[in-house]
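K.L.:
My questions concern the predicted model and sequence given below.
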Amino acid sequence: MIDLFFKVAPWLIIIPLVLSLYHFKILSEELKIITYYLIVSTLTQIIAFTLWILSKNNFPVVHVYTLLEFSLLTLFYYLLMKDIVTKKMFLLIVAAFTIYSVVNSLFIQGLFHMNTYASALRSLLMICFSLTFLFTDINRDDKDKTYFSPAVNWINYGLLIYFSGALFLFSFVHFSPTDLHSQINIWAVHSLLLGVLYIFLTIGIWKVRRI
């Protein structure tokens, strides 16, 4: 059962991807970034899954995806918080994370091993972005909130839940038992978190048509 869930849950991404592509023309700028994020995530998942089926190491794909995911989601939050985050600050954060991630991949953990350090840092930063947006949005007057605020809030909650769980997992996996059963359980929890994220993204994008 766990093995089945481990294989099926990540493919729930197809639902928000199809919805976002269908509604793409009416999406706000920040929600279009979420569409690009879903496209990149889906393509990465297909490539990684194919390599796994062929018994090839797919960790290099994960390393590249970590950078792309961070850059896209940081841009998403930058667009949401342009009133408190400057373009220079956004570029500095992305550049600093890119340098750290590349150094980690090439010289610390290696390109063919899980990049737990970079993944944990990415999750921590995303939690910070999500909470900053949450508290900023709460303190905004209703007149300053956009037409797409309900959709964005659902997406933000989904990202907050996912990266909060991912921070624990990627921190724990570095010290976790190496037996196959334990590893499967860890990644089954990660699949559950992805499933929750995709459900929240689906609700958020669906809200665009319901507003």
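P.N.:
Ah, there it is.

K.L.:
pLDDT below threshold where in the chain?
P.N.:
For the chain, the stretches with pLDDT under 70 are 1-7, 140-148, 173-184, 209-211.

K.L.:
Report the contact partners of the residue most central in space within it.
P.N.:
The residue lying closest to the centre of the chain (Cα atoms, centre = their mean) is Glu69, at 5.9 Å. Going by Cβ atoms under 8 Å, 6 or more residues apart in numbering, Glu69 touches 37, 40-41, 122. Every C-beta, even on glycine, is put in place using the N, C-alpha and C of the backbone.

K.L.:
and which of those is nearest Ser101?
P.N.:
Sorting the contacts of Glu69 by how near they are to Ser101, with Cβ to Cβ, puts Arg122 at the top with 8.0 Å.

K.L.:
list the buried ones in the helix or strand hosting that closest one?
P.N.:
Element membership of Arg122, judged by DSSP states H and E, is helix 116-138. Using 16 or more other Cβ atoms under 10 Å as the test for burial, helix 116-138 gives 116-127, 129-130, 133, 137.

K.L.:
got the contacts of Glu69 as TSV, with secondary structure and distance to Ala188 columns?
P.N.:
Listed next are the contacts of Glu69 as TSV, based on DSSP: H, G, I helix; E, B strand; the rest coil; distance: Cβ to Cβ, whole Å:
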residue	secondary structure	distance to Ala188
Tyr37	helix	23
Val40	helix	24
Ser41	helix	19
Arg122	helix	21
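
K.L.:
Of those residues, just say which sits nearest to Pro10.
P.N.:
Ranked by distance to Pro10 (Cβ to Cβ), the contacts of Glu69 are led by Ser41 at 9.1 Å.

K.L.:
doesn't Ile14 make contact with that closest one?
P.N.:
No: counting by Cβ atoms under 8 Å, Ser41 stays clear of Ile14, with 10.6 Å between them.

K.L.:
so where do the helices sit in the chain?
P.N.:
In the chain, the helices defined using DSSP state H lie at 2-8, 14-22, 29-53, 59-80, 87-103, 116-138, 149-172, 180-210.

K.L.:
Looking at those helices, spot the one closest to Gly110.
P.N.:
Closest of the helices of the chain to Gly110 is helix 59-80, at 8.4 Å (criterion: Cβ to Cβ).

K.L.:
CA atoms only for that closest one, dumped as PDB, please.
P.N.:
Taking Å, rounded to 0.1, in the frame of the first residue of the first chain, the C-alpha atoms of helix 59-80 are listed here in PDB:
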ATOM      1  CA  PHE A  59      20.000  12.800  -8.400                       C
ATOM      2  CA  PRO A  60      21.600  15.200 -10.900                       C
ATOM      3  CA  VAL A  61      18.100  15.900 -12.100                       C
ATOM      4  CA  VAL A  62      17.000  16.600  -8.500                       C
ATOM      5  CA  HIS A  63      19.900  19.000  -8.000                       C
ATOM      6  CA  VAL A  64      19.000  21.000 -11.100                       C
ATOM      7  CA  TYR A  65      15.300  21.000 -10.100                       C
ATOM      8  CA  THR A  66      16.100  22.300  -6.700                       C
ATOM      9  CA  LEU A  67      17.600  25.400  -8.300                       C
ATOM     10  CA  LEU A  68      14.800  25.900 -10.800                       C
ATOM     11  CA  GLU A  69      12.100  25.400  -8.200                       C
ATOM     12  CA  PHE A  70      13.700  27.800  -5.800                       C
ATOM     13  CA  SER A  71      14.100  30.500  -8.500                       C
ATOM     14  CA  LEU A  72      10.500  30.200  -9.700                       C
ATOM     15  CA  LEU A  73       8.900  30.200  -6.300                       C
ATOM     16  CA  THR A  74      11.100  33.100  -5.100                       C
ATOM     17  CA  LEU A  75      10.000  35.000  -8.100                       C
ATOM     18  CA  PHE A  76       6.400  34.100  -7.200                       C
ATOM     19  CA  TYR A  77       6.800  35.600  -3.700                       C
ATOM     20  CA  TYR A  78       8.700  38.600  -5.100                       C
ATOM     21  CA  LEU A  79       5.800  39.400  -7.300                       C
ATOM     22  CA  LEU A  80       3.400  39.100  -4.300                       C
END
